[in-house]
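Colleague: return atomic coordinates for the entry below.
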Amino acid sequence: MNLKKLIGINYQYANKNGFLNKRFIKFPLVILGLFLTVFFSVFLGINMSTSVLAGDTTKTYSSSYVVDEDGMMKATINIKLTHNVDTPSVLTYYDLYIGSVKPDNFVASMNGSPLQSLLVDNDVFLVRIFFDDIVLRKNEPVEFTASYELDEYVEYYAGSYEMSLPLFKSAEDSSFDYISLAYPESFGGVSFCNTQFDTAIKNGKVNVTFTDVSNISNISLTIGEERFYIFDKEIEIINTSEKYVKKDVILPPDTNNQQLLLSSINPYPDYAVKDVYGNYILSYNVAPGDSFWVHVSGYVISRAKSASEEELSVSLRDSYLDTTSQWFEIYDQDILGEFDNFKKSQPSQSEIVDWAYLYVIDRLNLSSDFKSLHGKEFRKGANIALQSYKDASAEDFADVFVGISRYFGVPSRVVAGYVFEVNASGQNVGSFHVWPQYWDEEYGWVSVDPAYEEFSGYNQRNLVGLNRVIYVVDTDAVASFSADEVTEDYVYTDQIVNSSSVLETDVNLSSSLESGVFESGILTLKNNGNTILSSIDIIPSFDNYSITLNNLSTEEILLPGDEISLEFNIKSDQWYMDSKKVVSFTVIAQSPNGTQRDVADTDVQFTPLSWAEPVAWLITVFFFIIFSVAVYFIYFYVNKLLARRNLRTIKPLTSGKEAENNNRDILRKEVSDFIRKS
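Modeller: All right, here's what the predicted structure looks like:
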């Protein structure tokens, strides 16, 4: 039956008869609506929604991102919709959230055919993709692709690249199946990522595949080998006592993942050392009632985790395995029982570190204001922290990790410094922080940060990134260190600074010296680079002369722009002779750039004393005469003894008077011949 005619008949009939009025007109329309609803719902079984209903359809994404040399990112997203209910749905449009950056050249397609799209929200950059009423049925996935470009999306600053992949998963029924990133090899390696990944290099591109993405909500990366920080700080030195006191200023250490470059120090300290833990300490002798400002400026280069040639000495290894410290000792028997159960599996060092890291995160609850809880008054020690576990500070997290690692025989320590974060204004602000390190035979000291992972959710087990500066190593070992000393003076800089290590030496010694007496000279060492020189060793030459030198201590360092003058004494061993010698010193020093070596030498004419030469000749003649006489008498005495011995061995030849005369002549002749031959 023609519905229009039916409606028209009823309408005409109602008007003609004048009864039922509007109610009579509405009746067939209501009946028609009910009929259509029942028809589509029961007979066709189709949900007339215009978009994907939450809970009814699972959304799975596969994303590929490609970055070019200019920092432009091209994203290609494959979206698969899988309907989960028996009742089909009609897909009219799909909303794709891009993120905080406006996409360029957005293209959507399905089975090679383009799809219409529209940017409908400029705040979160929501793109709506339109479909021609596609029916979603159970177990019949629908796939389509979207691609777009983000201009200058990758940020370069401070020597490295930062990026956060524009993921758009927000609903609980969404997941990622695959995520990959390709970027130019010239950018460097991945120095931080908040999730697990694998890399491969091909055709000048680094291909990164993220391996744990099923439930991930964001991916943040740092690409590059190093990051530069600039600092310019002033420290006030005050002595309110009535005696001379020593005041220390601490500088960031050189480590296998960090290098210090100094631009200026004013004033230079009275004494500067590098302690056994690697901390640089500048010491000033301050007069009673005196005060002044120490100004230090320079750079810190934070470097990515890489293989290291550094070796850990036996004494330091023993120190970093000590479990008797008040901060690292664990003596709770129940807790030690857990450790011993794990030890039965004979874990490797990597397994021990993984286990300790996760144990700390699972066992401790981080204080909400942990970034403001620093100093010894907030440290409970590993044992108490594990027993109380609540409101743990960053120090507690570090102490427990170190305590567990040392218990299992892994050298470990606590360091303090800065961790940089992006604030609400987009600025990178450094905050004081404490975290642990463990010793790895391949990589040297490796930083991990369970407290920061607890705070941020970012994985800090394998790569902590370039967003930190170590200020002091082993805070307990530096008595003068205080958390108040660390201020927010370090900021990122795009200025690339090359490190240089230049050792220069010079000898100040008279060119003419008297032999046989001690003469003094000055050996000058100067650091003309921007790195600190340490472990300075001086080796003088010895060419028939003696040198005594006041050498440096093993801890003393040579600061950039500074010089050290050392006095030495020299004396020629050939005091009676006129001779020309080369006096030289070989100086060897260690720097972050390797061993530095320089030779300082000078020509010296040694002249004998005025009375030394004639006396020497007289002594020589006297001893020559004595020697000659001694030789003569020895020669005569020896010949006489030999003659006597030979006479005893001669026998008579014949008997009788005549024979006796003949024998006498023969004997005389033989004796004469013997004496002549002798």
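
Colleague: going by C-alpha atoms from here, please, whenever you check contacts or count neighbours.
Modeller: Noted.

Colleague: quick one: low-confidence ranges for the stretch 101-250 of the chain?
Modeller: Along the stretch 101-250 of the chain, segments meeting pLDDT under 70 span 168-174.

Colleague: which residue comes closest to Gly409 once chain neighbours are left out?
Modeller: Nearest residue to Gly409, sequence neighbours excluded (Cα to Cα, 6 or more residues apart in numbering): Leu321, at 6.4 Å.

Colleague: which SS class is that neighbour?
Modeller: coil (DSSP: H, G, I helix; E, B strand; the rest coil).

Colleague: ok, it - contacts?
Modeller: Leu321 makes contacts with Arg406, Tyr407, Gly409, Val410, Pro411, Ser412, as judged by Cα atoms under 8 Å, 6 or more residues apart in numbering.

Colleague: in this structure the fourth one contacts Gln349, no?
Modeller: Meaning Val410. Yes: between Val410 and Gln349 there is a contact at 7.0 Å, judged by Cα atoms under 8 Å.

Colleague: which one of those two has more residues nearby?
Modeller: Comparing Val410 with Gln349 by other Cα atoms under 10 Å, the one with more neighbours is Val410, at 21 against 15.

Colleague: so the more buried one, which state does it fall into?
Modeller: At Val410 the chain is in coil, as set by three-state DSSP.

Colleague: tell me the phi and psi of it?
Modeller: phi -100, psi 120 (degrees, to the nearest 10).

Colleague: pretty sure Glu567 is touching Glu519, no?
Modeller: No: Glu567 is not in contact with Glu519 according to Cα under 8 Å; the separation is 10.5 Å.

Colleague: double-check that Ile404 belongs to a strand.
Modeller: No: counting by three-state DSSP, one finds Ile404 to be helix, located in no strand.

Colleague: touching, it and Asp354? I think so.
Modeller: No: proximity of Ile404 to Asp354 does not meet the contact threshold set by Cα under 8 Å, at 11.2 Å.

Colleague: these two: who's more crowded?
Modeller: The neighbour comparison of Ile404 against Asp354 (other Cα under 10 Å) goes to Ile404, with 26 against 13.

Colleague: just give the closest residue to that one, not the sequence neighbours.
Modeller: Of all residues beyond its chain neighbours, the one nearest Ile404 is Ala356 (6.2 Å), with distances taken as Cα to Cα, 6+ apart.

Colleague: what about the helices in the stretch 1-150 of the chain?
Modeller: Per DSSP state H, counting those that start in this stretch, the stretch 1-150 of the chain carries helices over the ranges 3-17, 21-38.

Colleague: which one of those helices has the lowest average pLDDT?
Modeller: Of all the helices of the stretch 1-150 of the chain, mean pLDDT reaches its minimum on helix 3-17 (a mean of 32).

Colleague: and Asp334, helix, strand or coil?
Modeller: Counting by three-state DSSP, the backbone at Asp334 sits in helix.

Colleague: look at it and report its pLDDT.
Modeller: 93.

Colleague: tell me, how many residues neighbour it?
Modeller: 9.

Colleague: got it, and the one 3 residues further on?
Modeller: Neighbours of Gly337 under the rule other Cα under 10 Å: 11.

Colleague: which strand or helix spans it?
Modeller: helix 333-343 (DSSP states H and E).

Colleague: what lies in contact with that helix?
Modeller: Against helix 333-343 from outside (Cα under 8 Å, 6+ apart): Ile330, Phe408.

Colleague: quick one, what contacts Val208?
Modeller: Counted by Cα under 8 Å, 6+ apart, Val208 has contacts Ser180, Leu181, Ala182, Phe197, Asp198, Thr199, Ala200.

Colleague: which residues pair with it across the strands?
Modeller: Leu181, Thr199 (DSSP bridges).

Colleague: how close does it sit to Glu225?
Modeller: Remark: distance between Val208 and Glu225 (Cα to Cα, to the nearest Å) = 16 Å.

Colleague: same check, this time on Tyr357
Modeller: 25 Å.

Colleague: who has more neighbours out of the two?
Modeller: Tyr357 (24 against 21).

Colleague: the closest residue to Asp494 other than its chain neighbours and Tyr490: what is the separation?
Modeller: Among residues not flanking Asp494 along the chain, Ala158 sits closest, at 4.2 Å (Cα to Cα, 6+ apart). As judged by Cα to Cα, Ala158 and Tyr490 stand 12 Å apart.

Colleague: who touches both of these two?
Modeller: With Cα under 8 Å, 6+ apart as the test, Ala158 and Tyr490 both reach Tyr229.

Colleague: which of those two has more residues huddled nearby?
Modeller: Counting neighbours by other Cα under 10 Å for Ala158 and for Tyr490 shows that Tyr490 has the greater number, 24 against 20.

Colleague: so the residue nearest to that one when sequence neighbours are not counted, which state does it fall into?
Modeller: Nearest residue to Tyr490, sequence neighbours excluded (Cα to Cα, 6+ apart): Phe231, at 4.7 Å. Following three-state DSSP, the label given to Phe231 is strand.

Colleague: returning to that earlier point: what's the farthest-apart pair in the contacts of Leu321?
Modeller: Tyr407 and Ser412 (10.2 Å; Cα to Cα).

Colleague: look at these two and report which has more neighbours.
Modeller: Legend: neighbour count by other Cα under 10 Å for Tyr407 and Ser412, higher for Ser412 (28 against 19).

Colleague: which ones are touching the residue nearest to Tyr490?
Modeller: Here Phe231 is in contact with Ser297, Gly298, Tyr299, Val300, Asp489, Tyr490, Val491 (Cα under 8 Å, 6+ apart).

Colleague: cutoff 10 Å now
Modeller: By Cα atoms under 10 Å, 6 or more residues apart in numbering, the residues touching Phe231 are 262-263, 296-300, 488-493.

Colleague: what of Asn365?
Modeller: Ala385, Leu386, Ser388, Tyr389, Lys390, Asp391, Ala392, Ser393, Phe397, Ala451, Glu454.

Colleague: let's see 6 Å
Modeller: Tyr389, Lys390, Asp391, Ala392 (Cα atoms under 6 Å, 6 or more residues apart in numbering).

Colleague: Val497 and Lys640, how far apart?
Modeller: 90 Å.

Colleague: higher neighbour count, the two?
Modeller: Taking other Cα under 10 Å, Val497 and Lys640 do not tie; Val497 has more neighbours (17 against 12).

Colleague: does the more buried one belong to a helix, a strand or coil?
Modeller: Val497 ends up coil, using three-state DSSP.

Colleague: quick one: mean pLDDT over the helix or strand following the helix holding Gly337.
Modeller: As assigned by DSSP H and E, the chain's next helix or strand after helix 333-343 is helix 349-363. In this model, helix 349-363 has an average pLDDT of 95.

Colleague: list the buried residues of helix 349-363.
Modeller: Buried residues in helix 349-363, defined by neighbour count with 16 or more other Cα atoms under 10 Å: Ile352, Val353, Trp355, Ala356, Tyr357, Val360, Ile361, Arg363.

Colleague: still on that earlier bit, can you tell me how far the residue nearest to Ile404 is from Phe397?
Modeller: 11 Å.

Colleague: cool, Asn239 as well?
Modeller: Applying Cα to Cα to Asn239 and Phe397 gives a distance of 36 Å.

Colleague: now Ser553
Modeller: Per Cα to Cα, Ser553 is found 37 Å from Phe397.
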